[in-house]
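> I need the structure of the sequence given here:
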Amino acid sequence: MSRVGKNPVTVPEGVELSVEQTLIHAKGKLGQLSAPVNDLVQTEQKDGQFWVRPANDTKEARSMWGTTRAIVQNMVTGVSVGFKKELELVGVGYRAQVQGKTLNLQLGYSHDINYPIPEGLTIQCSKPTAISISGADKQQVGQVAAEIRGFRPPEPYKGKGIKYAGEQILRKEGKKK
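Reported below is the predicted structural model:
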């Protein structure tokens with residue numbers, strides 16, 4: 001029995017969910033998302049709630065039951081509230097700024113890194129050492145944050161690099177004589 005799948009997805013006011021043969025569409029104030037539906041689950045919408053049930057009692061159907069429900073929940077949350085990731089730049093001379101549709105990063109390399117901002121996402125730099133990524137698609141927000149962090153991951157000796165806000169970096173002790 002799936003602990004995630006047995007709970008319904010509450011559809012807030014202003015969000016429309018529609019199911020076609022192999023796609024679920026969610027439409028809200030922050031945009032429109034769609035995701036594929038596996039044949040191993042059945043979907044049902046009634047009284048402002050969206051239910052997902054396994055089509056049969058196989059292991060694959062039960063595993064797709066909770067996965068599909070979580071995907072639908074993330075779509076509903078994304079089009080109504082949105083998702084946000086915060087990054088911090090730690091290091092002397094490390095800076096970020098948004099120039100049009102690109103994010104310009106100065107990370108101590110001999111060249112600047114120009115990262116094109118994907119469609120459907122908003123990247124803001126409230127100060128030169130803080131990056132805020134927001135959008136409706138949870139997977140896309142997380143993927144872009146991971147790609148930007150990958151340009152200069154935090155190192156364990158001084159903690160320099162790009163880290164998530166609130167992330168704890170395990171520090172190592174340096175060489176001893």
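
> and the longest helix anywhere in the chain, which residues are buried?
For the chain, the longest helix by residue count, based on DSSP state H, is helix 59-80. Within helix 59-80, the residues that count as buried by 16 or more other C-beta atoms under 10 Å are 61-62, 64-80. C-beta: built from backbone N, CA, C; applies to glycine.

> and if you look at stretch 167-177?
Across stretch 167-177, burial judged by 16+ other C-beta under 10 Å covers Ile169.

> do the same with stretch 115-134
115, 117-118, 121, 123, 125, 131, 133.

> how far does stretch 102-113 sit from the chain's center?
Going by C-alpha atoms, centre = their mean, to the nearest Å, the spacing between the C-alpha centre of stretch 102-113 and its chain's C-alpha centre is 23 Å.

> picking up where we left off before, just want the angle from the helix or strand following the longest helix of the chain to helix 59-80.
Remark: after helix 59-80, the chain's next helix or strand is strand 83-90, criterion DSSP states H and E. Strand 83-90 and helix 59-80 are oriented at 80 degrees to each other (axes from the mean of the first three to the mean of the last three C-alpha atoms, to 10 degrees).

> if we look at the following helix or strand past strand 83-90, which residues are touching it?
Past strand 83-90, heading to the C-terminal end, the next element that is a helix or strand (DSSP H and E) is strand 95-99. Defining contact as C-beta atoms under 8 Å, 6 or more residues apart in numbering, one finds that strand 95-99 is touched by 89, 103-106, 117, 123-125, 128-131.

> cool, and stretch 160-174?
Outside of stretch 160-174, the residues within contact range by C-beta under 8 Å, 6+ apart are 85-91, 94, 107-108, 130-131, 145, 148-149, 151-157, 159.

> of the buried residues of stretch 115-134, closest to Val4?
Ile133 (25.7 Å; C-beta to C-beta).
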